[in-house]
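1. 3D model of this:
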Amino acid sequence: MSLTLLQIVQAAQGELGLPICTSVIGNTDATTTQMYYLANNVLDELRRMNRWTVQQFEYDLIVNTPVTTTCDIAPSSNILTNIPDTSGLAANIFAISNDNIPDAARIVSVDSATQVTISMESLNTSPVVGDTIIFGQDTYPMPSGFDWFNNRTMWDRTNFWELLGPDSPQLDQWHRSGIINTGPRRHFRKIGPYADQFRIWPPPFEIATPLQLVFEYLSINAVAVNGSNTVFAQYFENDDDQPLLDDQAIKLGIEWMFWERKGFNFQSMQNRWVDYVNRQIARDGAAKTLSLAKSQNNLLISSMNVQDGFFPGPGSGSSN
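-> So this is what the prediction gives:
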């Protein structure tokens with residue numbers, strides 16, 4: 001069980017020979033206030049030093065089925081009218097599939113219950129009435145507290161494929177703006193400028209049931225609020241908050257940072273803190289056993305024996 005914020009600050013004050021506080025949050029004592037801010041500073045430092053297992057979360061994303069409807073399209077227009085219902089549509093997160101609309105077009109505004117504005121002009125040279133159109137949601141909000149991806153954990157669980165990416169902006173534009181824009185596998189990227197978003201390519205125009213995607217990520221959340229197992233925060237906000245990260249590392253970090261800011265010789269304290277954190281990093285999670293001998297093939301069948309798709313292939317019969 002981790003120490004609380006109050007206990008961590010009290011321990012640091014006791015070791016430095018300072019008066020020991022009875023509370024941290026709301027305390028007007030300058031030393032206690034400074035140590036509170038230093039505690040949150042140490043959290044930020046620790047969070048960026050390692051992929052701590054305690055901050056690794058899984059995000060299960062359900063990609064919605066596309067909306068198939070009808071609309072009227074004026075020549076060379078970026079406004080779609082007479083849509084029966086626009087209540088399920090939204091700007092910036094829906095792509096569009098229609099023979100008269102460029103592949104890269106997206107909804108930029110929902111104007112009314114029957115009209116939307118899109119990002120590109122239509123290709124038709126004469127009015128189109130009651131044309132079938134598909135709106136596919138290809139952009140979803142990142143999970144709350146997202147900090148950075150855990151690489152190669154992105155999978156399409158519906159089709160048992162690893163997602164390709166993260167795509168660079170250049171590759172993403174090649175998909176959306178080039179001549180050849182589709183392939184056998186689905187891609188992804190993280191995109192702005194709105195709240196961090198997860199975008200897939202190609203848009204899910206083809207799916208008939210929800211598509212199940214997954215990835216793991218590192219969270220900014222480093223504190224269990226009031227010791228809760230379900231409520232987390234990025235910083236300490238209550239005396240009873242408990243860190244998800246090592247409490248000793250936080251205490252040692254407070255001490256050397258406090259000593260530094262007071263103009264004292266802090267180098268030995270900082271070195272002790274770095275050494276302790278490095279030991280925690282080495283112990284965090286499990287690690288493979290590395291062999292100095294020549295590598296050998298697995299004795300059992302693994303994922304390396306299974307191709308991505310098209311198995312067993314055309315004309316495959318019994319093998320001799």
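
2. what's the neighbour count on Trp259?
-> Trp259: 17 surrounding residues under other C-beta atoms under 10 Å. C-betas here are computed from N, CA, C, even on glycine.

3. I misspoke; the intended subject was Lys262.
-> Neighbourhood size, Lys262 [other C-beta under 10 Å]: 11.

4. how far away is it from Met35?
-> Distance of Lys262 to Met35, given as C-beta to C-beta, to the nearest Å: 12 Å.

5. in the stretch 51-200 of the chain, which spans are strands?
-> With strands called from DSSP state E, counting those that start in this stretch, the stretch 51-200 of the chain shows them at 56-63, 67-73, 79-81, 94-97, 107-110, 116-118, 128-137, 139-141, 146-149, 155-156, 161-162, 187-191, 197-201.

6. Give me whichever of these is most buried.
-> Most buried of those, by mean neighbour count (mean count of other C-beta atoms under 10 Å): strand 94-97, with a mean of 23.

7. just checking, what packs against that strand?
-> For strand 94-97, the elements it packs on are strand 128-137, judged by 3 or more C-beta pairs under 8 Å, 6 or more residues apart in numbering; DSSP states H and E.

8. So Tyr37 belongs to a helix, correct?
-> Yes. Using DSSP: H, G, I helix; E, B strand; the rest coil, the secondary structure at Tyr37 is a helix.

9. Now tabulate the strands of the stretch 51-200 of the chain in JSON lines and tack on mean pLDDT and distance to Val9.
-> Listed next are these as JSON lines, based on pLDDT from 0 to 100; distance: least, C-beta to C-beta, whole Å:
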{"stretch": "strand 56-63", "mean pLDDT": "96", "distance to Val9": "28"}
{"stretch": "strand 67-73", "mean pLDDT": "97", "distance to Val9": "54"}
{"stretch": "strand 79-81", "mean pLDDT": "98", "distance to Val9": "59"}
{"stretch": "strand 94-97", "mean pLDDT": "96", "distance to Val9": "49"}
{"stretch": "strand 107-110", "mean pLDDT": "97", "distance to Val9": "50"}
{"stretch": "strand 116-118", "mean pLDDT": "98", "distance to Val9": "54"}
{"stretch": "strand 128-137", "mean pLDDT": "97", "distance to Val9": "46"}
{"stretch": "strand 139-141", "mean pLDDT": "95", "distance to Val9": "35"}
{"stretch": "strand 146-149", "mean pLDDT": "92", "distance to Val9": "25"}
{"stretch": "strand 155-156", "mean pLDDT": "96", "distance to Val9": "42"}
{"stretch": "strand 161-162", "mean pLDDT": "93", "distance to Val9": "45"}
{"stretch": "strand 187-191", "mean pLDDT": "93", "distance to Val9": "36"}
{"stretch": "strand 197-201", "mean pLDDT": "94", "distance to Val9": "38"}
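
10. If anything else comes up later, I'll come back, but that's it for now.
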